[in-house]
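*Asks:* sequence? don't have it. structure:
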DNA sequence: TACAGTCGGGG
DNA sequence: GTGTACGACTGTA
């Protein structure tokens, strides 16, 4: 439709959301700088591609004619990433984006031998590739009086550190209690200015109040707790029952998008995602159904949406792996690279010897067991992503057969270092932004309001960077390739070995190395300046960014519990010069440790941290014994609240799949018996009780009497945690009992003194 | 003794 | 719309 430029209206504002309109084209929402919310329409044909022998492509084109004017098919040439070649494809253009998924699935079902590209790209990413948009992008745009969007210019970038902030209207809705534990009585409602409580019953006035709130406040974001799993389904049900429509969607013509709950395996564990309720024209985010909410919060979700380009409501609920995949797709779209629908790349055949050397992961050493002083911890910064960018590792650069290719150490594979690959192109701006944010964080004063947002951003970036490496190795990832994955770990191991050599040349002893970090020691080294030469030498040798995590007052590397002569790579605790603690792998770090036991272990380490120098740790032993006796007394006298005895476990499988009556299985069965069915990936809380079955699930209607607690088992667990801390001080676990019992603990000291001298 | 079940780790 | 390692450790059979 031709519209004279004079009738176009100029606006500025922030991109809120976009989606396919069932009546054709896109619906694009903006938050106007003038305070208005704009729902605009735009034509947006979508093209995907098919690759097959020419004959087959013409059959496909013939079939596509049945869709009429809705679909156009034409031969074209496009670049395929893995080969780097332009291949012949059939470009299939669908006029209405809402129709595209159904048309594609019909074609894919009919032509299973054909390879499809660009077939399942989220609309938001297609739009991003065309207009440089992202959620919350600050834009200038023009519309006509009929509500059609004409021009769109994005005025900021996802890589800006301080983008113009959108004046978002946020409405917070929270039931007063967790609905899976008890029936909520009222809804807590808050916005920037006000707060109130609405009783759930009687239902009619409640519904009328919610409706009035939504109309008055017209929020851009409904921020709830348990909104996906309880509140919104409940509101919808009541609304239907009482025939009072609720304007939950801002777009009255759209239905609320519902996604069912599911359990899936990711990051080496079962994860549970509750059902989801997505709104149109405004966002709904359920803080209890959002990924990593505790890590980076709303600011982190905003940042993730900005850099990944995924819609806000999706970003809040998906794992960062999806985010990094989205970023790769956007780069590919912008660079006219075909995006495979299903990845079908096979691994190159390798000899047994090659497999052996290639299959290693990160470099892991056995630490020198015991207590150490004068130790610095040196880490490569975002090692794997840095390696990918620095060595140009990408599915299409690894194995490249060009004369200028370099050989990857210990892999025997070639790599193209000349032409920057897809993965490095994706990661480079992210790494650079992260570095800028971290530098600003060290420069800004503590009261600076930007700090909080910067921290959330770096925390969100961290997860994107971490998962990028995993994605490279997954054989069905769109842009994954196992050789690229192996190249990353090969360069990583090489860098760590270089770092070790550099440290040793400067007279340091390497106590331990773990994937991207190492612990080095030199008598008398106690400040960061003492370690600076090592950092400089490593940067010089490897070209990879490196930082000093800290200088320890002392650090203890723990032996295996099964064999005290064997070191384990990731069980240690220590105190930095500034007094902060670092712990890995010990009870206090684990989510399945009973709260009061974790607390006690932490208190013991804090007590040691206050002792100052490593030489004064010994003097803490009487105090540690007293602390343990105090905790045992509290435990046996049951002066601790019952919550302190709770054990939290992740339900790893469906109830009928357990082969061993583990505590998690027993507690899950107890809950199932009263109709509370837990799905894999959800957490179960339980108490350890005497006799059979030995556990009592926390969410059962009746609490067990405190006398039923199996205090002997708790005692064993407590002493085990205590032994972890005391072991490096020279107290073996079998002497722990006498250590606690013995009021005159001094009698134990000679033997311990001996162990002490050996270690320090 | 074997092995099923569970955790951490990245920062 | 996720991307299934690997080793330590514990408790059960």
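*Replies:* On my side now, so go ahead. The shown structure was predicted, so the numbers you read here are calculated from the model rather than taken from an experiment. Numbering: from 1, shown residues only, chains lettered A, B, ... in the order given.

*Asks:* Identify the residues contacting whatever helix or strand residue A:737 lives in?
*Replies:* Assigned by DSSP states H and E, residue A:737 belongs to helix A:736-741. Outside of helix A:736-741, the residues that reach it under the criterion C-beta atoms under 8 Å, 6 or more residues apart in numbering are A:621, A:625, A:628, A:629, A:632, A:719, A:722, A:723, A:726, A:731, A:745, A:748. Every residue, glycine included, has its C-beta placed from N, CA and C.

*Asks:* rerun at 6 Å
*Replies:* By C-beta atoms under 6 Å, 6 or more residues apart in numbering, the surrounding residues in contact with helix A:736-741 are A:625, A:628, A:629, A:719, A:723, A:731, A:748.

*Asks:* I'd like the distance between the residue lying closest to the fourth one once chain neighbours are set aside and residue A:380.
*Replies:* What it means is residue A:719. Leaving out its chain neighbours, the residue that sits closest to residue A:719 by C-beta to C-beta, 6 or more residues apart in numbering is residue A:736, at 5.5 Å. When distance is defined by C-beta to C-beta, to the nearest Å, residue A:736 is 38 Å away from residue A:380.

*Asks:* Next: residue A:653.
*Replies:* 37 Å.

*Asks:* And residue A:121, by the same measure?
*Replies:* Applying C-beta to C-beta to residue A:121 and residue A:380 gives a distance of 34 Å.

*Asks:* One more: residue A:122?
*Replies:* 33 Å.

*Asks:* Residue A:300 now?
*Replies:* 24 Å.

*Asks:* More neighbours: the two, which one.
*Replies:* Each of residue A:300 and residue A:380 has its neighbours counted (other C-beta atoms under 10 Å); residue A:300 has more, 26 against 23.

*Asks:* gap between the two ends of stretch A:16-26?
*Replies:* 13 Å (C-alpha to C-alpha, to the nearest Å).

*Asks:* what does the stretch 1-150 of chain A have sitting close to DNA strand C?
*Replies:* Neighbours of DNA strand C within the stretch 1-150 of chain A, by C-beta under 7 Å from any atom of the strand: A:120, A:121, A:122.

*Asks:* Looking at these, which is nearest DNA strand B?
*Replies:* Closest approach to DNA strand B among those (C-beta to the nearest atom of the strand): residue A:122, at 24.9 Å.

*Asks:* Nearest residue to the closest one in space, ignoring adjacent ones along the chain?
*Replies:* residue A:310 (6.6 Å).

*Asks:* Test my guess that the one you found contacts residue A:326.
*Replies:* Yes. If you go by C-beta atoms under 6 Å, residue A:310 and residue A:326 touch, sitting 4.9 Å apart.

*Asks:* what ranges of chain A fall below the confidence cut-off?
*Replies:* A:1-6, A:342-360, A:474-476, A:742-760 (pLDDT under 70).

*Asks:* Tell me how many other residues crowd residue A:197.
*Replies:* Neighbours of residue A:197 (other C-beta under 10 Å): 11.

*Asks:* Residue A:190 versus that one, what's the distance?
*Replies:* Taken as C-beta to C-beta, the span from residue A:197 to residue A:190 is 10 Å.

*Asks:* returning to that earlier point: now render the contacts of helix A:736-741 as CSV, adding distance to DNA strand B.
*Replies:* Formatted as CSV, these follow (distance: C-beta to the nearest atom of the strand, whole Å):
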residue, distance to DNA strand B
A:625, 27
A:628, 23
A:629, 27
A:719, 19
A:723, 18
A:731, 23
A:748, 30
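
*Asks:* Just the buried subset of those, please.
*Replies:* Buried members of the contacts of helix A:736-741, counted by 16 or more other C-beta atoms under 10 Å: A:625, A:628, A:719, A:723, A:731, A:748.

*Asks:* Make CSV out of those and add distance to residue A:61 and secondary structure.
*Replies:* Converted to CSV, the buried ones among the contacts of helix A:736-741 look like this (distance: C-beta to C-beta, whole Å; DSSP: H, G, I helix; E, B strand; the rest coil):
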residue, distance to residue A:61, secondary structure
A:625, 83, helix
A:628, 78, helix
A:719, 75, helix
A:723, 73, helix
A:731, 79, coil
A:748, 86, helix
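
*Asks:* Go through those residues and say which is closest to residue A:577.
*Replies:* The shortest approach to residue A:577 among these belongs to residue A:731, at 25.7 Å (C-beta to C-beta).

*Asks:* Tell me which residues touch residue A:381, please.
*Replies:* A:545, A:547.

*Asks:* do the one 4 residues further on as well
*Replies:* If you count contacts by C-beta under 6 Å, 6+ apart, residue A:385 has them with A:427, A:431, A:465, A:468.

*Asks:* Phi first, then psi, for residue A:498.
*Replies:* Note on residue A:498: its backbone torsions stand at phi -60, psi -40 [degrees, to the nearest 10].

*Asks:* can you check the one 10 residues further on too?
*Replies:* Here the main-chain torsion angles of residue A:508 (degrees, to the nearest 10) amount to phi -90, psi 150.
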